[in-house]
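Engineer: have a look; sequence and predicted model below, questions after that.
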Amino acid sequence: MQDLLTIENIAKDYNGINVINDTSISVKPGEIIVSFGPNGAGKA
């Protein structure tokens, strides 16, 4: 089954603080993924 979304080797920092480093994810049709964390953490 083909991926609906693929993200490979993403990295992000805010003001020199690394928050994501070399992270990959793929989402297939019918899968549900959740991003959780405190308010203001940048989940959107």
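Structural biologist: Perfect, I can see it now.

Engineer: for residue 15, see how far away residue 44 is.
Structural biologist: Distance, residue 44 to residue 15, using C-beta to C-beta, to the nearest Å: 19 Å. To be clear about C-beta, it is placed using only N, CA and C from the backbone, and glycine gets the same treatment.

Engineer: do residue 24 as well
Structural biologist: Note on residue 24: its distance to residue 15, by C-beta to C-beta, is 24 Å.

Engineer: who's more crowded, those two?
Structural biologist: Each of residue 24 and residue 15 has its neighbours counted (other C-beta atoms under 10 Å); residue 24 has more, 9 against 4.

Engineer: would you map the helices across this structure?
Structural biologist: Shown for the chain, no helices are assigned by DSSP state H.

Engineer: what's near enough to touch residue 24?
Structural biologist: 6, 7, 8, 9, 10 (C-beta atoms under 8 Å, 6 or more residues apart in numbering).

Engineer: mind running it again at 6 Å?
Structural biologist: 8, 9 (C-beta atoms under 6 Å, 6 or more residues apart in numbering).

Engineer: kindly report the same for residue 1.
Structural biologist: Residue 1 is in contact with residue 28, counting by C-beta under 6 Å, 6+ apart.

Engineer: look up how far residue 32 lies from it.
Structural biologist: From residue 1 over to residue 32 (counting by C-beta to C-beta), the distance is 15 Å.

Engineer: one more: residue 11?
Structural biologist: According to C-beta to C-beta, residue 11 stands 25 Å off from residue 32.

Engineer: more neighbours: which of these two?
Structural biologist: Per other C-beta under 10 Å, whichever of residue 11 and residue 32 has more neighbours is residue 11, with 10 against 5.

Engineer: what's the burial count for the closest residue in space to that one that isn't next to it in sequence?
Structural biologist: For residue 11, the nearest residue in space outside its immediate sequence neighbours is residue 21; the separation is 5.2 Å by C-beta to C-beta, 6 or more residues apart in numbering. Here the count is done by other C-beta under 10 Å, and residue 21 has 10 residues near it.
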